[in-house]
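Visitor: 3D, please:
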Amino acid sequence: MGLVSLCATLGACATYRDIPPNSPRSVVLDTMGQPNFTCPLPDGGVRAIWTRQPNGQYAFGTRFNSAGVADRVESILTDENFRKLDKGVWTPNDVTCEFGPPARVTRVGLGEKNEVVWEYRYKQSNVWNSLMYIYLGRDGQQVTHHHPGPDPAYEYEFEFMGF
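Guide: Numbering: from 1, shown residues only. Below is the predicted model of the structure:
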């Protein structure tokens, strides 16, 4: 009896994958809850993001058109999605509206190489605990480059014979 109850309970949990493309806003919100970040879109629609930053590694997003219909809900902190940064000019607002707020904002480098860096915590290839570093130049106004790296929050120091 307990096993049947557990299976029924687990089966009742819907995820973003259960939301079909072109779903109305009410269906998306029933499954995902209220987004914790939104951006208005030029066509009158809204970009909605459910993020677990700064400590979580996942974020999900969709675009609602002006009629309140979602294109599709997808995981947005992925290598494939970050490759969008390779094309065109990206401002901080563009980055935030695509990926949500960063986990952390820092500055790195010296002199002319000093840049604003936004860090997004994510699971690279759905396996590796990583950060995507997005560099926004000295003035923080435009993406110059980006790259993944290991997330230091998950690195452990090992002692070997007292060292």
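Visitor: In what element of secondary structure is the nearest residue to residue 48 once chain neighbours are set aside found?
Guide: Once flanking residues are discounted, residue 48 sits nearest to residue 35: 3.9 Å by C-beta to C-beta, 6 or more residues apart in numbering. Yep, even glycine has a C-beta here, placed from its N, CA and C like the rest. Residue 35 is part of no helix or strand, with elements assigned from DSSP states H and E.
Visitor: which residues sit in contact with residue 35?
Guide: 48-50 (C-beta atoms under 8 Å, 6 or more residues apart in numbering).
Visitor: among those, who's most crowded?
Guide: For the contacts of residue 35, the largest number of neighbours (other C-beta atoms under 10 Å) sits with residue 48, at 23 neighbours.
Visitor: Go ahead and confirm residue 22 touches residue 71.
Guide: Yes: contact criterion C-beta atoms under 8 Å: residue 22 and residue 71 qualify, at 7.2 Å.
Visitor: Those two: who's more crowded?
Guide: More crowded of residue 22 and residue 71, by other C-beta under 10 Å: residue 71, with 14 against 11.
Visitor: Excluding covalently adjacent residues, which one is nearest to that one?
Guide: Closest residue to residue 71 apart from its sequence neighbours, by C-beta to C-beta, 6+ apart: residue 63 at 4.9 Å.
Visitor: again, but for residue 76
Guide: residue 61 (4.4 Å).
Visitor: do residue 16 as well
Guide: In space, residue 16 is closest to residue 73, 4.3 Å off (C-beta to C-beta, 6+ apart).
Visitor: and that neighbour, how many neighbours?
Guide: Counted with other C-beta under 10 Å, residue 73 comes out at 24.
Visitor: next one: phi and psi at it?
Guide: When read as degrees, to the nearest 10, the backbone of residue 73 gives phi -100, psi 130.
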